[in-house]
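>>> Generate coordinates for the sequence data below:
(chains A and B)
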Amino acid sequence: MPTAATFSRYADLPTLIGLMEGDEKHSAAAHTTLDVLWVLYDRVLTVTPETADDPARDRFLLSKGHGPAAFYAVLAAKGFLDVPTLRTWAAFDSPLGHHPDRVLVPGAEIGSGSLGHGLPLALGTALGLRAQDVRRPDGAAPRVVVLVGDGELDEGSNHEAIAAAGRFGTDNLTAVVVDNRSARYGWPGGIASRFALEGWETREADGRDQDALHGALTRPHPRRPLAVVARVRVGT
Amino acid sequence: MSENTDTDMNRNTNMRQAFADAVSAALDDDPRTALVLAVISGDMFRRAAARHPGRVIDVGIREQAMIGVAGGLALTGMRPIVHSYAPFLVERPFEQVKLDFGHQGTGAVLVGIGGSYDASTAGRTHQAPGDVALLDTLPGWNVHVPGHHDEVRDVLRDAISGDDRVYVRLSATGNRAPRPVSPRLTVLREGSARSAGVVVAVGPMLDRVLAATSDLDVTVAYASTVRPFDREGLSALAGRAGNADVLVVEPYLRGTSAHEVAEALSDRRHRQLGLGVDRGEELRAYGTPADHDREHGLDAEGIAKAARDFFLV
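This next block holds a predicted model:
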């Protein structure tokens, strides 16, 4: 088995996903979260396997825990997970289930699967870091980024957290909504408007355009939480 | 919601105020602590919120967010204390209680008020006699049912200093005097070697159990910690009694601790009976908590009758 360093590039992600799901090309394209995850771990978040327990690390919470192969692949590419571990995917004694468990998966900040838990947990994490005035070595407040799906937004718990975060001005919190139009009844008026009305800074980007995602995720948003709606069509 | 307006002598406790005092002190003393509210009792923490603005978090009437936010605080190493009426703390956001603490490998201190039917005039929506049974479906929860406001202070001090999952069940009903807070059963009256058996009184049930069994040769033990249940202690008490017959009087759903008694005495022939809130039908009545006690057979008279029948005297 080659070492993990061999599989550390974006171009390796289909191979890594293939170790779990087989049929590399089909399964990689099916992962609507792939580019968002890659941009976050490659260019946005200040966290490495060495700082995975540092109180001042940036945190990524995968709320939409369904279909986590892209997440595991990115964690492996970035060295949080050993590449051979991917082959154990969903076996009895594997750390890698069809929904991630933070107790088992190095680098996973939350266990998820049941929808609607990540955004409230992320808000609490952001408030906890703020209450303790945790700072990175460069003086910046660590970021808390949570990924939710547009279908997942149906869960009312998200809207409790969206409203509360907006009122609290939790500017160390970012929600990325991967929008593949899977919500049963859609979101008339757009997803971003739900966040904007509650006081969030909102941005939209093509969920496959890494530079656009990077820009949306990194421009300042003082005193307001940030929502980035990443539009993705499955299979493109 | 009015509190402590009942003149019944057993309703002489103010556990809610003791909770507010203990948590306010903890917020002053321990920077790890944070209080998460959903409006309920917010007025009691005005001063604490002014002193510790980042650590008193009222999310509005949003109980799912209340638990989720507490779970997130715990992920950053803080010690969240979460509080509401029991039905809005345990039942409404139960999946959050299940997944946002234990499944994440973290803990919190949940402090519920109103158990089981302090809010007798408010009706079923504000009552949660199933809270302990519900938490019993989850691993790793410590459950405390104090019987006096002084016990609340001691229970909370220990709970807040830890990292585990704790539920503290407060009520406007209590005993006249505090008992030592212990993870073990506390023996208050030991029966003879030929005694009829053992009565376990949970939290606010103690005074009435003592009154109801005063003329019986039984051992009476007090439990303010019900999870983990003191199986060893019960096993020893039943071994010293004349019969391995155990009556458990709990202020929540009857039989909630039946499986614990069965485990504790699984090595011998035994009998057991649980008294508590009736499981059969929803009680659509208002009145006072004492009225509800009577209806469920949890007043001294009802307990005395059940005890005589059970112990065959």
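>>> For residue B:276, what are phi and psi?
phi 170, psi -160 (degrees, to the nearest 10).
>>> er, residue B:253 actually
Torsion angles, degrees, to the nearest 10, at residue B:253: phi -50, psi 130.
>>> and it, bridged to which residues?
Beta-bridge pairing of residue B:253 under DSSP bridges involves residue B:277.
>>> any idea how far the nearest residue to residue B:173 once chain neighbours are set aside lies from residue A:158?
Sequence neighbours aside, residue B:204 is the residue nearest to residue B:173 in space, at 4.4 Å (criterion: Cβ to Cβ, 6 or more residues apart in numbering or on different chains). From N, CA and C alone the C-beta is placed, and that goes for glycine too. According to Cβ to Cβ, to the nearest Å, residue B:204 and residue A:158 sit 39 Å apart.
>>> before we move on, the earlier item: correct me, but the residue nearest to residue B:173 touches residue B:251?
Yes: in this structure residue B:204 lies within contact range of residue B:251 using Cβ atoms under 8 Å: 5.4 Å.
>>> These two: which has the busier surroundings?
Set residue B:204 next to residue B:251 and count neighbours by other Cβ atoms under 10 Å in any protein chain shown: residue B:204 wins out with 30 against 27.
>>> Just want the most central residue of chain A.
residue A:147 (3.9 Å; Cα atoms, centre = their mean).
>>> Am I right that it is in contact with residue A:178?
Yes: assessed by Cβ under 8 Å, residue A:147 is found in contact with residue A:178 at 6.4 Å.
>>> overlap in contacts of these two?
Shared contacts of residue A:147 and residue A:178 (Cβ atoms under 8 Å, 6 or more residues apart in numbering or on different chains): A:33, A:36, A:64.
>>> Select only the buried ones of those in PyMOL?
Burial among the shared contacts of residue A:147 and residue A:178 is assessed by 16 or more other Cβ atoms under 10 Å in any protein chain shown; the matching PyMOL selection reads:
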select buried, chain A and resi 33+36+64
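>>> And chain B, split by domain according to the record?
Chain B resolves into domains spanning B:3-169, B:186-311 when parsed by automatic domain parsing.
>>> Save these as CSV, and put in mean pLDDT and distance to residue A:128 too.
Formatted as CSV, those follow (pLDDT from 0 to 100; distance: least, Cβ to Cβ, whole Å):
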stretch, mean pLDDT, distance to residue A:128
domain B:3-169, 94, 3
domain B:186-311, 98, 27
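>>> tell me the most buried of the ones you listed?
domain B:3-169 (a mean of 21; mean count of other Cβ atoms under 10 Å in any protein chain shown).
>>> what sits against residue 102?
Going with chain A. Here residue A:102 is in contact with A:108, A:109, A:110, A:111, B:104, B:105 (Cβ under 8 Å, 6+ apart).
>>> my question was about chain B
Counting by Cβ under 8 Å, 6+ apart, residue B:102 has contacts B:138, B:139, B:140, B:141, B:165.
>>> Between all of those, which two are separated the most?
By the measure Cβ to Cβ, B:139 and B:165 form the most distant pair in the contacts of residue B:102, at 8.9 Å.
>>> Can you get me a residue count around residue A:198?
If we define neighbours as other Cβ under 10 Å, then residue A:198 has 19 of them.
>>> Return the residues in contact with it.
Residue A:198 touches A:162, A:163, A:165, A:166, A:167, counting by Cβ under 8 Å, 6+ apart.
>>> redo that, cut-off 6 Å
A:162, A:163, A:166 (Cβ atoms under 6 Å, 6 or more residues apart in numbering or on different chains).
>>> Out of those residues, who's the most crowded?
Most surrounded of the contacts of residue A:198: other Cβ under 10 Å gives residue A:162, at 25 neighbours.
>>> now that residue, nearest residue through space, not along the chain?
residue A:198 (5.2 Å).
>>> quick revisit: narrow the contacts of residue A:102 to those in helices?
Judged by DSSP state H, helices contain none of the contacts of residue A:102.
>>> Strands - which of those land there?
The members of those all map outside strands under DSSP state E.
>>> Distance to residue A:141 for these - can I get that in CSV?
Converted to CSV, the contacts of residue A:102 look like this (distance: Cβ to Cβ, whole Å):
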residue, distance to residue A:141
A:108, 22
A:109, 16
A:110, 20
A:111, 25
B:104, 22
B:105, 25
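>>> The closest residue to residue A:179 other than its chain neighbours: what's it in contact with?
Distance criterion Cβ to Cβ, 6+ apart; nearest residue to residue A:179, sequence neighbours excluded, is residue A:150 at 4.2 Å. By Cβ under 6 Å, 6+ apart, residue A:150 lies in contact with A:177, A:179, A:182, A:183, A:191.
>>> Please, a ChimeraX command that selects the buried ones among those residues?
Of these, the buried ones can be selected in ChimeraX as follows, counting by 16+ other Cβ under 10 Å:
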select /A:177,179,191
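>>> Which residues of chain A lie near chain B?
Contact residues, chain A versus chain B (Cβ under 6 Å from any Cβ of the partner chain): A:103, A:111, A:114, A:117, A:120-121, A:123-125, A:128-131, A:157, A:160-161, A:164.
>>> repeat that for 7 Å
Within chain A, the positions lying close to chain B (Cβ under 7 Å from any Cβ of the partner chain) are A:55, A:102-103, A:110-111, A:114, A:117, A:120-125, A:127-132, A:157, A:160-161, A:164.
>>> list the contacts for residue 40?
I'll assume chain A. By Cβ atoms under 7 Å, 6 or more residues apart in numbering or on different chains, residue A:40 lies in contact with A:60, A:145.
>>> wait, chain B
Applying Cβ under 7 Å, 6+ apart, the residues contacting residue B:40 are B:83, B:84, B:85.
>>> show me where chain A has helices.
A:13-21, A:24-30, A:34-39, A:69-77, A:83-86, A:118-131, A:156-168, A:191-197, A:210-218.
>>> what pLDDT, on average, does the longest one get?
Per-region confidence: helix A:118-131 scores 98 on mean pLDDT.
>>> ditto for the fourth one
The average pLDDT within helix A:69-77 is 97.
>>> ditto for the fifth one
The predicted model gives helix A:83-86 an average pLDDT of 98.
>>> Show me which positions of that helix end up buried.
A:83, A:85, A:86.
>>> Just the closest of these to chain B, please.
residue A:85 (19.6 Å; Cβ to the nearest Cβ).
>>> Show the contacting residues for the closest one.
Residue A:85 sits next to A:95, A:96 when contact means Cβ under 7 Å, 6+ apart.
>>> which residue ranges form the strands in chain B?
Under DSSP E, chain B gives strands at B:33-37, B:56-58, B:79-85, B:108-113, B:141-144, B:165-169, B:186-189, B:197-202, B:218-223, B:225-227, B:245-253, B:271-277.
>>> Mind listing residues that contact the last one?
Right, strand B:271-277. Counting by Cβ under 7 Å, 6+ apart, B:116, B:129, B:245-258, B:261, B:296-298, B:303, B:306, B:310 sit against strand B:271-277.
>>> mind checking how far the closest residue to residue A:159 other than its chain neighbours is from chain B?
Leaving aside its chain neighbours, residue A:159 sits nearest to residue A:194 (7.4 Å; criterion: Cβ to Cβ, 6+ apart). Going from residue A:194 to chain B by Cβ to the nearest Cβ, to the nearest Å gives 15 Å.
>>> cool, and residue A:100?
Residue A:100 is 11 Å from chain B, by Cβ to the nearest Cβ.
>>> Just to check, that residue is in contact with residue A:111?
Yes: look at residue A:100 against residue A:111 with Cβ atoms under 7 Å: they come within range, at 6.3 Å.
>>> Where does pLDDT dip in chain A?
Within chain A, the ranges that satisfy pLDDT under 70 run A:1-5, A:24-29, A:235-236.
>>> mind running it again at 80?
A:1-5, A:23-30, A:234-236 (pLDDT under 80).
>>> on that earlier part again, return the residues in contact with the residue nearest to residue B:173.
Neighbouring residues of residue B:204 by Cβ under 7 Å, 6+ apart: B:147, B:171, B:173, B:174, B:175, B:251.
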